[in-house]
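**Q** pasted the sequence and its predicted model underneath.
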Protein chains: 2
Amino acid sequence: MTTPHLSKALATFVSELKIGDIPQEVIARTEDLLVDWFGSAIAGKGSRPVETMTQFAQNMGGFNTANPGSAEILINRQNSSPFLAALANAAASHVAEQDDVHNGSVFHPATVVFPAALATAQTIGASGEDLLVAAVAGYEVGIRVGEFLGRSHYKTFHTTGTAGTLAAAAAVGHLLKLNPTQMLHAFGSAGTQSAGLWEFLRDAADSKQLHTAHAASTGLMSAYLAQSGFTGAEHILEGKQGLAAGMSSDADPSKLIDRLGSRWTIAETSFKYHASCRHTHPAADALLQVMLTHHLKPSDIDKVETLVHQGAIDVLGPVTDPATVHQSKFSMGTVLALIAHYQFAGLQEFDQHFRDQAICAFRDRVTMILDPEVDSAYPQRWIGKVKVYLNSGEVLEGRVDEPKGDPGNTLSRAEITDKAMRLAAFSGGASPTEMSAAIERLWNIRKQSKIGMLIS
Amino acid sequence: MTTPHLSKALATFVSELKIGDIPQEVIARTEDLLVDWFGSAIAGKGSRPVETMTQFAQNMGGFNTANPGSAEILINRQNSSPFLAALANAAASHVAEQDDVHNGSVFHPATVVFPAALATAQTIGASGEDLLVAAVAGYEVGIRVGEFLGRSHYKTFHTTGTAGTLAAAAAVGHLLKLNPTQMLHAFGSAGTQSAGLWEFLRDAADSKQLHTAHAASTGLMSAYLAQSGFTGAEHILEGKQGLAAGMSSDADPSKLIDRLGSRWTIAETSFKYHASCRHTHPAADALLQVMLTHHLKPSDIDKVETLVHQGAIDVLGPVTDPATVHQSKFSMGTVLALIAHYQFAGLQEFDQHFRDQAICAFRDRVTMILDPEVDSAYPQRWIGKVKVYLNSGEVLEGRVDEPKGDPGNTLSRAEITDKAMRLAAFSGGASPTEMSAAIERLWNIRKQSKIGMLIS
């Protein structure tokens, strides 16, 4: 009996994916995620690492007003090639920590899929529907590859960077109409460029935005190369010297094809409500619930224990004294301190208060404890549990089964619009009028027979 | 006692490296390797995967005659940005299997260092001396990182692709005059993009040239980003969630700083004589020696056992029935068959004969056996041992301690020139007159105060 060729089954599925295969509510969710991503991309304007990467991308293309390029760089309205625009936009949408996340794969799909897909769609004159189907393809691949690579992978590697390469390749490959064989070659080229290590975080280094830029651009390149006949490994994911062999010790090949065609992983994706690493959100929402229910003030609280899953400890553990706004979004203590003081850990709250004495004092009284119930439910479910020790001696427990933004506690379209408007206002990446009009066009993207520029 | 920060020591060393630090014979060897690399780059013209990658690089830049770009793409004399030219040239120089290799790190330095360094040097108007010192810096880093990552890394990962990112970053970083702190940031950005899996080889896929293109371009990007203040992990190599943690089980940090300043790793680099994977060369030379010594014809031979190191088995083992010219260069049997019939396994021999019935028949009678002596000397020494079983019943043994091209059995400048001329003639990438003139200019590169185009 021959071993089933699972990566080929996945490649075939995404190559052959048609709008008619996809339930309407899944397409609607894709539109939600597109608008949400757009807000995150615009939010990147003014961020030093994002501006630096964008400048590099522009310097390395030869585009100018006489020869403007076909793909839009969102934070500055310049055009470039799809390769370089994808690089810039993927960096932009991953700095505010407001871009979407898929719980089970611990992977941020939008920030690698949409930059690559949008740049390609604009270049080839694809329709809004084409873009949406391509996005579904990208999410399917990235999420499944993330689940395949598993928890052991995530201990060291940034799954968004590694699986993201394949996600971008799938989305672009779909737009370029790669047949199943070509799509598998695109996977092969993408997987052999998969990269991204967590080591950067302990130093508050800029690499997170580099990882997404790298994934989106190399994934796009992989699809374009496949279109031109460039070949890749046929078992890059599951082969003896492939991704799982090199970067995982608990890879689960069945995840690659799990209920393909009936399980739409894009519909399982969560919006980020707070502007921080999602590992902080379950505890943040649980604390908020306790404080609102019991009408607590920060000064009522002696300390907080957060009962977490291992992923939270892996990622957030090294961050004890955050030096930058971005790094503080990976500090459980900072997030809870902002929740306690402002009931929200949003862009403004981080930007203005992350180093406040009161916030730092509260931060240092927050601990993370590995909780068996929470950890065994992870990563499919991200349960929030806290123990709040009051100065009075009382101990209050809080619990949230689905943090705000999870599919069972999702954002409405009004909330998504509102969040995107807030992001644009925060960065100044678009005026309210511009942003409002752009969002409106995006809500109606299915009607566009040819994607144009989003904001320029 | 604080742990020494070894990657910082290495970054500091290459940042501060001056021409006066480097022995004259090491500079001379660098010139040798530059000319040798140039031949390999020109040899890439006409190769399908190389032309495909080059086309992609050109399409993704906006350069044209009105706006030509500052860096030279060697196979077609078009200019582009340094990022895209490095990508194209690194693909070009790694297809003929004639580019240099460092035994101890099992790493191909030239094909990732020179494309990135040359593109940068041309762009910023650096001198010939600047280019040579930068190359030394790149070789130092790549080789040391390769040795650091070790044999376990090489089982799954293509060290040229992974360590190559850092090698390119170091060379470009030196040209851009990064200070030690910036150089360490460049390492951080490069290491977090390190990628390249061996899985492609069993399918004869095109990824090898993609790996070098990826390493050279992302390494260059890392250095440029660092120049603009972009930060990276401070311990990307040795940290808890860094390269060694993710991709090696026998990493040796002492290799990073081993005799820094007195051990010049570039001088340990080998030229490739035969146009195949260097794991085949020791046995190839040993067989050649036996056949010449005993005046053997192929028809005298029943079978050949090659006594090899583990790296040969890891890389060449999957290749049993090579489907393409390139894949056949990773077939021990094919290489020895060509040696037996033509006394040389060069570009012409592979191209014209790799599928000949006589070659295939001989190929299938060649086996690889792990040899304790050879394996324990590896990777510092690549000893060649063969057992040749004659039809007469006699068994002859051959042994070569240093295959042709190794530092102890090196190529003369005349041989290097001759090889480069042969490579240009094979691909048609330059006429004999053009090639001869370009090589002459390269031999005198130290006199150039500003690097110009090499062949255009």
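**A** Nice, I can see it.

**Q** where does chain A dip in pLDDT?
**A** A:1 (pLDDT under 70).

**Q** work out which residue lies at the spatial centre of it.
**A** Nearest to the mean C-alpha position of chain A, by CA atoms, centre = their mean, lies residue A:108 at 2.3 Å.

**Q** got the residues of the stretch 51-200 of chain A near chain B?
**A** By CB under 8 Å from any CB of the partner chain, the residues of the stretch 51-200 of chain A that approach chain B are A:52-53, A:55-56, A:59-64, A:66-67, A:69, A:80-84, A:155-157, A:161, A:185, A:188-189, A:191-200. Placement of C-beta: from N, CA and C, glycine included.

**Q** of these, just the buried ones, ChimeraX syntax please.
**A** ChimeraX command restricting these to the buried ones, with burial defined by 16 or more other CB atoms under 10 Å in any protein chain shown:
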select /A:52,53,56,60,61,62,63,69,80,81,82,83,84,155,156,157,161,185,188,189,191,192,193,194,195,196,197,198,199,200
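
**Q** hmm, what's the outermost residue in chain A?
**A** Outermost in chain A, CA atoms, centre = their mean: residue A:392 at 40.7 Å.

**Q** could you say which helix or strand contains that residue?
**A** Taking DSSP states H and E as the definition, residue A:392 sits outside all helices and strands.

**Q** mind listing what's buried in the top helix by length along chain A?
**A** Across chain A, the longest stretch assigned as helix under DSSP state H is helix A:128-156. Neighbour-count burial for helix A:128-156, counted by 16+ other CB under 10 Å, picks out A:128-151, A:153-156.

**Q** for residue A:325, give me phi and psi.
**A** phi -50, psi -50 (degrees, to the nearest 10).

**Q** what residues are up against it?
**A** Neighbour list for residue A:325: A:350, A:351, A:354 [criterion: CB atoms under 8 Å, 6 or more residues apart in numbering or on different chains].

**Q** which one of these is nearest to residue A:363?
**A** residue A:354 (8.9 Å; CB to CB).

**Q** now the closest one, nearest residue through space, not along the chain?
**A** residue A:328 (4.2 Å; CB to CB, 6 or more residues apart in numbering or on different chains).

**Q** just residue A:122 next, same as before
**A** Using CB to CB, 6+ apart and skipping the chain neighbours, the partner closest in space to residue A:122 is residue A:71 (5.0 Å).

**Q** number of nearby residues for that neighbour?
**A** By other CB atoms under 10 Å in any protein chain shown, 28 other residues sit near residue A:71.

**Q** that one: what's it in contact with?
**A** A:79, A:80, A:81, A:82, A:84, A:85, A:86, A:118, A:119, A:120, A:122, A:123.

**Q** can you redo these as a markdown table with distance to residue B:387 and secondary structure?
**A** Listed next are the contacts of residue A:71 as a markdown table, based on distance: CB to CB, whole Å; DSSP: H, G, I helix; E, B strand; the rest coil:
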| residue | distance to residue B:387 | secondary structure |
| --- | --- | --- |
| A:79 | 64 | strand |
| A:80 | 59 | strand |
| A:81 | 55 | coil |
| A:82 | 55 | helix |
| A:84 | 55 | helix |
| A:85 | 58 | helix |
| A:86 | 54 | helix |
| A:118 | 60 | helix |
| A:119 | 57 | helix |
| A:120 | 55 | helix |
| A:122 | 62 | helix |
| A:123 | 58 | helix |
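
**Q** which of those sits closest to residue A:419?
**A** Once CB to CB is applied, the member of these that ends up nearest residue A:419 is residue A:118, at 19.1 Å.

**Q** check contacts around the closest one.
**A** A:71, A:72, A:86, A:89, A:131, A:451, A:454.

**Q** so what sits opposite the first one in the bridge?
**A** Residue A:71 has the following beta-bridge partners by DSSP bridges: residue A:80.
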